[in-house]
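Engineer: sharing a sequence plus its predicted fold:
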Amino acid sequence: MLHPRARHCFVLVALLVSLFGHRVSAQSSASSPAERYAEEGQLALAEGRYTDAEEAYKKLRQLKPGVAEIHANLGLIYFKEGKFEQAVPTLRQALKLKPSLTNSDNLLAMSLSELGQYREAMTGLEKCFHRSNDPEMKRLCGLHLERSYTGLQQHAKAVETALELDKLYPKDPEVLYHSGRVYGSLAYLTMEQLAKVAPNSSWRHQAMAEAYESQGNSIAIDEYREVLKLDPQRSGIHYRLGRALLARSQQANSAEDAAEALKEFQKELERDPSNANAAYEIGEAHRKAGQLDEAQQFLEMALKYYPDFEEANLGLAAVFVTRQKPDQALPHVQKAIAVDAQNEVGWYRLAQVQKMLGNEAEQQKALVEFRRLHHQFNQQKLIEKVFSPSEVTKQELDPSAEQAQP
């Protein structure tokens, strides 16, 4: 969660000055030292010169110790400087003098959270997150609340807060990052508990297999086989074993593993004829081997049970392109693009099909979109590799696609 001394994500200075920028001019004349220190402090705070602002407000506090807003501003400055040990008593004094200073209450709760005093921070953070009408203050309190729940081992509440933050701030990278950590932590703890209560169960072996598979570790193969020993009828395991074998075959260039993978896909399909993933993998294997009749049969089987199957639509389109049947390929490419318009392979295949149909203008439009997406592909591929194992073999560009001239 937020680092104990992190300051980069705090409320913008302009916002905080607007929240806390109380002047003391009503209590002193324009020529008084108090007015001078107040103006110096406000200007320094607005410009981000926190050391100067701190000195001005310290002097102002000595002159006007009974003014709550002065303590509030000084507490804000300490908070911005990361001096949370000093911010806490200062903000408490502000609230003692004037309990209605809501934003001081919020900053106090966040300062306590920064100091790891999660239980004491909890009430204020919950109130801020659930009641604040200011989006930025609500976001900050939510992030601190998420961290506090995690620190107190209240993981269910941390997840609940993360889900709410995701809903409120769906495009905020900081929120998404911390939510991901919360979800990952809960998943790890759950798997750890599984290992404790049922270390020899088929479910534990399946969890280990999936973890190894996500890392590209061939130990996944042994773990999936253990699952099948304990529960031969477990749905989906032959398919996952096939995927693990296929991955190893690609790493080691092993025809034997590739053949074993195909057998596992066939076993899965025998057990469950509606498993579109297994049908697709068999069809794709036949397509790459140039066995177009078999490829078409299994790819059409996959689409029978899963019409929106993007990769199967692209695979079947490739079969029709190879067979010089662009009119049959076109609806499958269009379907794939409708499912995921960010897939560069779809646009490249569409350009191929439009060229074969003689639609030069449409071909060029497809190529423009392909080129726009192509430079993003490597980064996207890296993200997918890090965060999730692929469920099926992805369609790939033809070698000639680097020149973008299908």
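Structural biologist: Done, it's in. Numbers count the residues shown, from 1 in each chain.
Engineer: next SSE after the longest helix anywhere in the chain?
Structural biologist: Assignment by DSSP state H gives helix 173-197 as the longest helix of the chain. The helix or strand immediately downstream of helix 173-197 is helix 202-214, counting by DSSP states H and E.
Engineer: residues of stretch 78-96 that come out buried?
Structural biologist: 78-80, 82-84, 86-88, 90-95 (16 or more other CB atoms under 10 Å). C-beta here means a position set from N, CA and C on the backbone, and glycine is covered the same way.
Engineer: oh, I was asking about stretch 316-335
Structural biologist: Neighbour count says stretch 316-335 has 316-321, 326, 329-330, 332-333, 335 buried, by 16+ other CB under 10 Å.
Engineer: only the buried residues of the longest helix of the chain, if you could.
Structural biologist: Quick answer for helix 173-197 (16+ other CB under 10 Å): 174-175, 178-179, 181-182, 186, 191, 194.
Engineer: so what does that helix touch, helix or strand wise?
Structural biologist: helix 135-151, helix 155-168, helix 202-214 (3 or more CB pairs under 8 Å, 6 or more residues apart in numbering; DSSP states H and E).
Engineer: pick the most deeply packed of those.
Structural biologist: helix 135-151 (a mean of 23; mean count of other CB atoms under 10 Å).
Engineer: send the alpha carbons of that helix over as CSV?
Structural biologist: In CSV, the C-alpha atoms belonging to helix 135-151 read as follows (Å, rounded to 0.1, in the frame of the first residue of the first chain):
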residue,chain,number,x,y,z
PRO,A,135,-13.4,13.1,-5.0
GLU,A,136,-9.7,13.6,-4.2
MET,A,137,-10.1,13.5,-0.5
LYS,A,138,-12.3,10.5,-0.8
ARG,A,139,-9.8,8.7,-2.9
LEU,A,140,-6.9,9.4,-0.5
CYS,A,141,-8.9,8.2,2.5
GLY,A,142,-9.9,5.1,0.6
LEU,A,143,-6.3,4.2,-0.2
HIS,A,144,-5.4,4.7,3.5
LEU,A,145,-8.4,2.7,4.6
GLU,A,146,-7.4,-0.1,2.3
ARG,A,147,-3.9,-0.1,3.8
SER,A,148,-5.2,0.0,7.3
TYR,A,149,-7.6,-2.9,6.8
THR,A,150,-4.6,-4.9,5.4
GLY,A,151,-2.4,-3.9,8.3
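Engineer: shaky segments in the stretch 301-406 of the chain?
Structural biologist: Along the stretch 301-406 of the chain, segments meeting pLDDT under 70 span 377-390, 399-406.
Engineer: please repeat the previous calculation with a cut-off of 80.
Structural biologist: 375-391, 398-406 (pLDDT under 80).
Engineer: re earlier: and the helices and strands packed on helix 173-197, which one averages the lowest pLDDT?
Structural biologist: When the helices and strands packed on helix 173-197 are compared by mean pLDDT, helix 202-214 comes last with a mean of 92.
Engineer: same for that one, what does it pack against?
Structural biologist: helix 173-197, helix 219-230, helix 237-252.
Engineer: any chance of those in CSV with mean pLDDT and distance to P307 as columns?
Structural biologist: Putting the helices and strands packed on helix 202-214 into CSV (pLDDT from 0 to 100; distance: least, CB to CB, whole Å) gives the following:
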stretch, mean pLDDT, distance to P307
helix 173-197, 91, 31
helix 219-230, 96, 29
helix 237-252, 95, 20
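Engineer: quick check, nearest of the buried residues of helix 173-197 to C128?
Structural biologist: Nearest to C128 out of the buried residues of helix 173-197 is V175 (CB to CB; 15.6 Å).
Engineer: I'd say V345 and N313 touch.
Structural biologist: No. Contact between V345 and N313 fails when scored by CB atoms under 8 Å: they sit 10.7 Å apart.
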